[in-house]
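Chemist: Sequence and computational prediction follow.
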Amino acid sequence: MTSVTTKDGVQIFYKDWGPKTAQPIVFHHGWPLSADDWDAQMLCFAGKGWRVIAHDRRGHGRSSQVSDGHDMDHYAADVAAIAERLDLRDAIHVGHSTGGGEATRYAARHGRGRVAKLVLIGAVPPLMLKTAGNPGGLPIEVFDGLRKELAANRAQFYLDLASGPFYGYNRSGIIPSQAVIWNWWRQGMMGGAKAHYDGIKAFSETDFSEDLKAITVPTLVLHGDDDQIVPVADSAPLSARLLKNSTLKIYEKLPHGMCTTHADIINAELLSFIAG
């Protein structure tokens, strides 16, 4: 199994496909999934000649199910360990949901001289939690509810999430894909409950405002206006305003999991931005 061992002894699994001399695209997955969530993008861009890399976040997928370090600083440092091991430079980093937060913090804290472009898709920045300074955020009770459901019956919680709001399968006229639902569930259940429980705090309470302000590379911000997981009004437009060099695109009626449900649209947008 291909992995890198971090400074605190955590094994981080990663995939590395395509020519090692090609420009790298690094994919950062969402909570509570794994690198497998990027299959449609990895196959597409590897087939077009890019080098594509995706890892399982600590505690997720095939990486070590450790008890500690489930916060954005550790997530970003783990990515830095992979980038150093593979000597990734001039890389395009693509983050979805929680992975968008991870990619943002990595680019701001570790990406100097290594990151060429950044893509945030349905991403959690700037801040999901409602606070005095972020009145449009979600109240803490929402995230407490997620923790309660995870602790009570993680398997059922994940099945319900994938069957409903994540892919918009709870919307009238949408035909759910049972295979997509079970693949989401499979990825979630591969990871550790402790990592996923702690990860809720990481994706909901981390303020990425200063990270976004520090990023100077071209950044594409994509979001669906029917995202039921990361509401668009308090995320994508705010991130785009904080970034120095951003392009914002909001898709009508697309769900949080649009990289899977509408891979053709997302892949075309990524190709245009990456190759442009």
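Modeler: Thanks, I have it.

Chemist: how close does residue 238 get to residue 251?
Modeler: For residue 238, the distance to residue 251 equals 17 Å [C-beta to C-beta, to the nearest Å]. Glycine gets a C-beta too; all of them are placed from N, C-alpha and C.

Chemist: Next, the contact list for residue 40, please.
Modeler: 259-260, 263, 267 (C-beta atoms under 8 Å, 6 or more residues apart in numbering).

Chemist: pLDDT score assigned to the nearest residue to residue 55 once chain neighbours are set aside?
Modeler: Spatial nearest neighbour of residue 55, excluding adjacent residues (C-beta to C-beta, 6 or more residues apart in numbering): residue 14 at 3.9 Å. Reading off the confidence values, residue 14 has pLDDT 98.

Chemist: Spit out the contact partners of residue 14.
Modeler: Taking C-beta under 8 Å, 6+ apart as the test, what residue 14 contacts is 2-4, 35, 53-56, 82.

Chemist: Need the buried ones from the residues you listed selected in PyMOL.
Modeler: Burial among the contacts of residue 14 is assessed by 16 or more other C-beta atoms under 10 Å; the matching PyMOL selection reads:
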select buried, resi 3+4+35+53+54+55+56+82
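
Chemist: which of the contacts of residue 14 lies closest to residue 142?
Modeler: Among the contacts of residue 14, residue 56 lies closest to residue 142 (C-beta to C-beta), at 26.1 Å.

Chemist: Give the next helix or strand downstream of the biggest helix by length in the chain.
Modeler: Secondary structure of the chain per DSSP state H: the longest helix is helix 140-163. Where DSSP states H and E defines the elements, the next helix or strand beyond helix 140-163 is helix 178-190.

Chemist: average model confidence for that next one?
Modeler: 98.

Chemist: swap in stretch 259-276?
Modeler: Rounded mean pLDDT across stretch 259-276 is 97.

Chemist: Give the buried residues for that stretch.
Modeler: For stretch 259-276, burial by neighbour count (16+ other C-beta under 10 Å) applies to 259-263, 266-267, 269-270, 273-274.

Chemist: Restricted to helices, list the residues you listed.
Modeler: 259-261, 263, 266-267, 269-270, 273-274.

Chemist: Mind putting those into TSV with distance to residue 49?
Modeler: Listed next are those as TSV, based on distance: C-beta to C-beta, whole Å:
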residue	distance to residue 49
259	21
260	23
261	26
263	19
266	19
267	14
269	18
270	14
273	16
274	11
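
Chemist: what's the farthest-apart pair in these?
Modeler: Maximum pairwise distance in those, criterion C-beta to C-beta, is 21.1 Å, between 261 and 274.

Chemist: can I assume residue 191 is in contact with residue 60?
Modeler: Yes. Using C-beta atoms under 8 Å as the test, residue 191 is close enough to residue 60 to be in contact (4.0 Å).

Chemist: related to what we said a few turns ago, now do the longest helix of the chain: which elements does it pack against?
Modeler: helix 178-190, helix 193-205 (3 or more C-beta pairs under 8 Å, 6 or more residues apart in numbering; DSSP states H and E).

Chemist: just checking, next helix/strand downstream of the host helix or strand of the residue nearest to residue 55?
Modeler: Here residue 14 sits within strand 11-17, counting by DSSP H and E. Past strand 11-17, further along toward the C-terminus, the next helix or strand under DSSP H and E is strand 24-28.

Chemist: helices or strands next to that following strand in the packing?
Modeler: Partner elements for strand 24-28 (3+ C-beta pairs under 8 Å, 6+ apart): helix 39-47, strand 51-55, helix 72-86, strand 91-96, helix 98-110.

Chemist: Mind doing that once more with 10 Å?
Modeler: strand 11-17, helix 39-47, strand 51-55, helix 72-86, strand 91-96, helix 98-110, strand 115-121 (3 or more C-beta pairs under 10 Å, 6 or more residues apart in numbering; DSSP states H and E).

Chemist: Please identify which of these is closest to residue 161.
Modeler: helix 98-110 (13.5 Å).

Chemist: what's the closest non-adjacent residue to residue 95?
Modeler: Nearest one to residue 95, counting by C-beta to C-beta, 6+ apart, is residue 103 at 3.1 Å.
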